[in-house]
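J.: sequence? don't have it. structure:
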């Protein structure tokens, strides 16, 4: 009673109190929701898989980003290297984990999709179902050739000579990129597989055992230093800011609709890039919270600067722009067969 | 050039760089002493600590630890018959019998001196060759890698000359085991039986640990005796160690040949350094007057693999620095570390940072010598391990082997396979089959298959007609046939 009379006696104070109360009522549910959102992570142990051994690029990214995730969520993050099957083993493991948001992976998205499309033995995952948190990086690609070849891809194709591409295997990003390039440009090609990773394949181009290789920008720039190889075309929709004078395949060639389809298809897969993913079927609220946390981490200027210092760039892309399911659904069964034929058989030596 | 050398030397002598080296050394020694942990583990474990260090400090820390790992590995090979790393398996052949005969001090002395000087040899060669190496490395392509590996595997016959048939069976079995999992050229898994682990085939660390460590552990457990029998021992003393070290100078031919073999094999990006100690051991045995006494505790059998094992590291740095192409798995990690430290190895690196390249060579040389010295100080303590009763030592060793095998890939299945291969090791030892021959077959089987198929696809069936390939074929044939030249000439009636 006293309060009412007191309030009645001070209409201004009353208005102020009502305003504050209204503000608080509006704030309280929001704060509760925020706390609830991330509660499942506080004090929990999060397993962060890396599909390769310690010391490599994926391992580095995971170890660089893990403390930022821990700081923002209050979780304890354990980076676990699970090498095997070229990354397949760890992704299978992720798919077998509980969908509680406490297991995630620093994934080579490109390789995972190619392995699934070409039905590689051991693949027990479905990339269409994976929970995408955010892309860390997608690098442009280039075709590099031995210096004895002409300076542009157009001139090289025009020679009509057989061009030997080097690769580790048919589906290791080097082999399937070579097959797609040959198919799209209707080139006279042979793909030699068996080299130890991109470094071994590049060495083969340098010493002339092979002629060409489609490879990521950082490697292409590195191996072209000192005139050991030449960068002859950008494989992408746009030119790279680091090599603006090298035209894209779309600019250099009058691509047939078929040729354009091949590049569009493969670049669509490439856009998934190095990506952080989680177990399929995570509850919606948890998924949204995890996506939000990863957006904050991967767009944080401090994180980007930290990566740049060690030549590990971070260029975030949101999960809604990386719709793996749509990408896989767009591929009709007949086309899928053709993709398998081109990647696995057509240009194999 | 000389300026770069002096500048590197000047930078190395700063307190920060020296402390980084002194910090790396003991860490490397500990990793080396744990069976199954290798230079790869050392880099993977230590690279995160280099974030934020200046390039030379980071390199000093990493390379000195790396140099020390190999020393630790040879200690366990000699004292316990358990190779710390795969290359140390060649040291087991004569080093362990020396321990059993109470000559552990001598074997350790020889190993330490050979490692230190072999490492120095490799580093000097690295420093000399760096400016001119690119065309040499580029002239070695797949056919040359194939023939080098083939020459390596031919030495199985030498490794097991006392029982050549059993040696060949063991070697062939090793090649067979290497064929499980992904085919090196078309990426199709073989014999994987729907078992995810087998997609990558059998792993090297569980195989080496099972073959070498398990039979020894089992022996210690069942007999309960210490490794060195007390009655066979002369009192353990540093005099023994010094005597062993002096033996290296009595065999300069073996030392220089082994170091050269190590450096050259280390330099080839395709072959992988694990082969070098085996080839060096076989070459030492081939050229000895009484090759049959090898395997029973000959000091030359310790000097040869140890000198080549450390010399190969200098060699392996050559393609890593000059081309940005790593010579081995651990060099691939080192390359990653360079990039983290803001450096990009390759031809431009040599132009811009020749001082750093010389610095790396000097750090490796220092690491080799300093870790040998540290081990020398520790050797008396370590020799006591061989006097610990078997039933006390075996459980400790078993735990260490399990930890080492598990941590190679964080895989419990690897630990299981240590026992599987342990059973194989026990059977092989019992029936006199050569275990190093199996290991060599396993290591080289994959290389041979890979480069044979790549050579055929890239050059066609005349791939062996390349000049360097012919040179390797001739050298390998000479090496194998030379000791038997009189018999061969006699056979043809030209004697």
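T.: That came through fine. As the structure is a computational prediction, the values presented were derived from the model and not from experiment. Numbers count the residues shown, from 1 in each chain, chains lettered A, B, ... in the order given.

J.: so which helix or strand takes in residue 112?
T.: No chain in the question, so chain A it is. For residue A:112, the host element (DSSP states H and E) is helix A:109-117.

J.: look at chain B instead
T.: In the assignment (DSSP H and E), residue B:112 maps to helix B:104-129.

J.: stretch A:323-342: how far from the chain's middle?
T.: 19 Å (C-alpha atoms, centre = their mean, to the nearest Å).

J.: for residue 73, grab the count of nearby residues.
T.: By default, I'm working from chain A. 22 (other C-beta atoms under 10 Å in any protein chain shown). To be clear about C-beta, it is placed using only N, CA and C from the backbone, and glycine gets the same treatment.

J.: should've been chain B
T.: Using other C-beta under 10 Å, residue B:73 has 30 other residues around it.

J.: cool, the one 10 residues further on as well?
T.: Per other C-beta under 10 Å, the neighbour tally for residue B:83 reads 30.

J.: circling back: how about the helix holding residue B:112: buried residues?
T.: For helix B:104-129, burial by neighbour count (16 or more other C-beta atoms under 10 Å in any protein chain shown) applies to B:104-127, B:129.

J.: which elements pack onto the following helix or strand past that helix?
T.: The helix or strand immediately downstream of helix B:104-129 is helix B:133-138, counting by DSSP H and E. Packing partners of helix B:133-138 (3 or more C-beta pairs under 8 Å, 6 or more residues apart in numbering or on different chains; DSSP states H and E): helix B:252-267, helix B:300-323.

J.: closest one to chain A among the ones you listed?
T.: When these are compared by C-beta to the nearest C-beta, helix B:300-323 sits nearest chain A, at 7.0 Å.

J.: and the next helix or strand after the closest one with helix B:300-323, angle?
T.: Counting by DSSP H and E, the element after helix B:300-323 in chain order, helix or strand, is helix B:329-340. Interaxial angle of helix B:329-340 relative to helix B:300-323 (axes from the mean of the first three to the mean of the last three C-alpha atoms, to 10 degrees): 30 degrees.

J.: in this structure residue A:201 contacts residue A:167, no?
T.: Yes: using C-beta atoms under 8 Å, residue A:201 is in contact with residue A:167, at 5.8 Å.

J.: shared neighbours, those two?
T.: A:174, A:195, A:213 (C-beta atoms under 8 Å, 6 or more residues apart in numbering or on different chains).

J.: do you know how far the first one is from chain B?
T.: Pointing back at residue A:174 there. Distance, residue A:174 to chain B, using C-beta to the nearest C-beta, to the nearest Å: 11 Å.

J.: which residues touch that residue?
T.: Residues near residue A:174 by C-beta under 8 Å, 6+ apart: A:165, A:166, A:167, A:168, A:195, A:198, A:201, A:213, A:214, A:215.

J.: quick one: least confident of these?
T.: Minimum pLDDT for these is recorded at residue A:198 (88).

J.: correct me if wrong: that one contacts residue A:215.
T.: Yes: taking contacts as C-beta under 8 Å, residue A:198 lies within contact range of residue A:215: 5.8 Å.

J.: just the helices in the stretch 201-349 of chain A please.
T.: Per DSSP state H, counting those that start in this stretch, the stretch 201-349 of chain A has helices spanning A:217-224, A:249-252, A:257-270, A:284-298, A:301-309, A:324-329, A:333-341. These are given in chain order.

J.: oh, I was asking about the stretch 151-300 of chain B
T.: Using DSSP H, counting those that start in this stretch, the helices of the stretch 151-300 of chain B run over B:156-159, B:164-178, B:204-208, B:214-223, B:238-250, B:252-267, B:275-287, B:300-323.

J.: also the stretch 301-450 of chain B?
T.: Counting by DSSP H, counting those that start in this stretch, one finds helices in the stretch 301-450 of chain B at the ranges B:329-340, B:347-352, B:354-383, B:390-409, B:412-430, B:435-459.

J.: check which helices and strands the first one is in contact with.
T.: Looking back up the chat, that one is helix B:329-340. helix A:57-73, helix B:39-46, helix B:55-80, helix B:300-323.

J.: quick one, the longest one and helix B:214-223 angle?
T.: Put plainly, it is helix B:55-80. Here helix B:55-80 runs at an angle of 50 degrees relative to helix B:214-223 (the same axes, to 10 degrees).

J.: list the contacts of whichever helix or strand residue A:90 is part of.
T.: Using DSSP H and E, residue A:90 falls within helix A:88-96. Residues outside helix A:88-96 that contact it (C-beta under 8 Å, 6+ apart): A:49-51, A:82-85, A:103-105, A:107, A:112, A:115, A:120, A:122-126, A:129-130, A:277-280, B:196-197, B:199.

J.: may I see the PyMOL selection of the buried members of these?
T.: Listed next is the PyMOL selection for buried residues among the contacts of helix A:88-96, using 16+ other C-beta under 10 Å:
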select buried, (chain A and resi 49+50+51+82+83+84+85+103+104+105+107+112+115+120+122+123+125+130+277+278+279+280) or (chain B and resi 196+197+199)
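
J.: in strands, which of the contacts of helix A:88-96 fall?
T.: Using DSSP state E, the members of the contacts of helix A:88-96 that fall in strands are A:49, A:50, A:103, A:104, A:105, A:107, A:277, A:278.

J.: how about the fifth one: which residues does it bridge to?
T.: Going back to what we said before, that points to residue A:105. With DSSP bridges as the criterion, residue A:105 is bridged to residue A:49, residue A:277.

J.: now do the SS call for the residue in the stretch 101-250 of chain A that chain B sits nearest to.
T.: In the stretch 101-250 of chain A, the residue that lies nearest chain B is residue A:169 (3.0 Å; C-beta to the nearest C-beta). At residue A:169, secondary structure determined by DSSP: H, G, I helix; E, B strand; the rest coil is coil.

J.: burial measure for it, as a count.
T.: Neighbours of residue A:169 using other C-beta under 10 Å come to 22.

J.: same thing with residue A:276?
T.: Other residues lying near residue A:276 total 26 when counted by other C-beta under 10 Å.
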